[in-house]
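> Could you work out the structure for the sequence below:
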Amino acid sequence: MTEERTKKTAEATERREAEVTEANGAAERARTEKSRMSRWIQRILIIVLIGAAFGCYYLIPSVHVGMNKVFHMFATGDFHQVEAFVQSYGRYAMAISFLLMILQSVAAPLPAFLITFANASLFGWWQGAILSWTSAMAGAAVCFWIGRVLGRDAVIKLTSKAGLEQVDRFFDKHGAMSILIARLLPFISFDIVSYAAGLTSMSFWSFFIATGIGQLPATIVYSYVGGMLTGGSRKLVMGLMILFALSALVVLMKQVYNERQGKGIRRRHGKKADESSQDTGATEEKEGE
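As a prediction, the model looks like this:
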């Protein structure tokens, strides 16, 4: 009787364990399916929004003219024009500045510092800094979301393959600290880093916190300088920033050249080593004969 009772108890325990395992498996499958459906919904939403944006640009004349004006404004590199554009919206100026920062984040080549300078000049350096920092964070979140949902091919179309590969190498080199370090370096594209982070397994909040900490010092400095700029000093700072950008570009090109040279040297050494091993093998065969 005791053995039979023990056997029944063991069988009941096994059945319960099997039921629990099956229930857990079903729950995991449901979560996976829900996540997949959510990803598809988000993907469709982004595609619809992008399609609507292009539709408005090409089909609504006022939107077409307005966006061309914005792109031309950024192309001039004169933050005074950005300042006048934002100021023309009166009480909605802060909202327009916020949207401009998100726009320049998604359209990666547009310079963000023009908006930061304009915000500081219009609203005072500390209020401008808060506006620039929060809007840059929103833009970074949008880029991260687009990268996470649409994937690498879409990000390449929005940025550039070369730029994305450069950031990939930066991530490989610096690991978990990549986002924080990248935000502290002014010559690394803020927006491409955000897109690239969305392609990794990094959690959104890790990305968001590192972005906030890393972006804050530069935002404060740009805002403080922007709040003091008037007349000729604006041209001076613009010239210094252009000079800095060109210097950073030269350093970057030199780094790429050195890396390629290093790869070429390693390949040549590798070929020589292979030839040497082949010669050694042939010599040993002859001696064996």
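> neighbours around M101, how many?
Residues lying near M101 (other C-beta atoms under 10 Å) number 24. For every residue, glycine as well, the C-beta is placed using N, CA and C.
> What strand or helix carries the residue nearest to it when sequence neighbours are not counted?
Spatial nearest neighbour of M101, excluding adjacent residues (C-beta to C-beta, 6 or more residues apart in numbering): S135 at 3.6 Å. In this assignment (DSSP states H and E), S135 forms part of helix 125-150.
> tell me the average confidence for that helix?
Throughout helix 125-150, pLDDT has a mean value of 92.
> circling back: spit out the contact partners of the residue nearest to M101.
When contacts are counted by C-beta atoms under 8 Å, 6 or more residues apart in numbering, S135 touches 97-98, 100-102, 115.
> Between helix 125-150 and the helix or strand hosting T219, find me the angle.
Using DSSP H and E, T219 maps to helix 204-228. On the basis of axes from the mean of the first three to the mean of the last three C-alpha atoms, to 10 degrees, helix 204-228 is oriented at 150 degrees to helix 125-150.
> Remind me what helix 204-228 packs against, helices and strands.
Helix 204-228 makes packing contacts with helix 113-123, helix 125-150, helix 178-184, helix 190-198 when contacts are defined by 3 or more C-beta pairs under 8 Å, 6 or more residues apart in numbering; DSSP states H and E.
> Would you mind giving those helices as a markdown table with distance to I213 added?
As requested, these are exported to a markdown table (distance: least, C-beta to C-beta, whole Å):
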| stretch | distance to I213 |
| --- | --- |
| helix 113-123 | 17 |
| helix 125-150 | 11 |
| helix 178-184 | 6 |
| helix 190-198 | 14 |
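> mind checking which of these is nearest T219?
Of all the helices and strands packed on helix 204-228, the one in closest proximity to T219, counting by C-beta to C-beta, is helix 125-150 (4.5 Å).
> residues of the helix or strand that the closest one is followed by that come out buried?
Following helix 125-150 in sequence order, the next helix or strand is helix 152-158 (DSSP H and E). Neighbour-count burial for helix 152-158, counted by 16 or more other C-beta atoms under 10 Å, picks out 154-155, 158.
> same for helix 152-158, what does it pack against?
helix 125-150, helix 161-174, helix 190-198.
> Let's have the contacts of S135 in a markdown table, adding pLDDT.
Listed next are the contacts of S135 as a markdown table, based on pLDDT from 0 to 100:
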| residue | pLDDT |
| --- | --- |
| S97 | 93 |
| F98 | 95 |
| L100 | 91 |
| M101 | 92 |
| I102 | 91 |
| I115 | 90 |
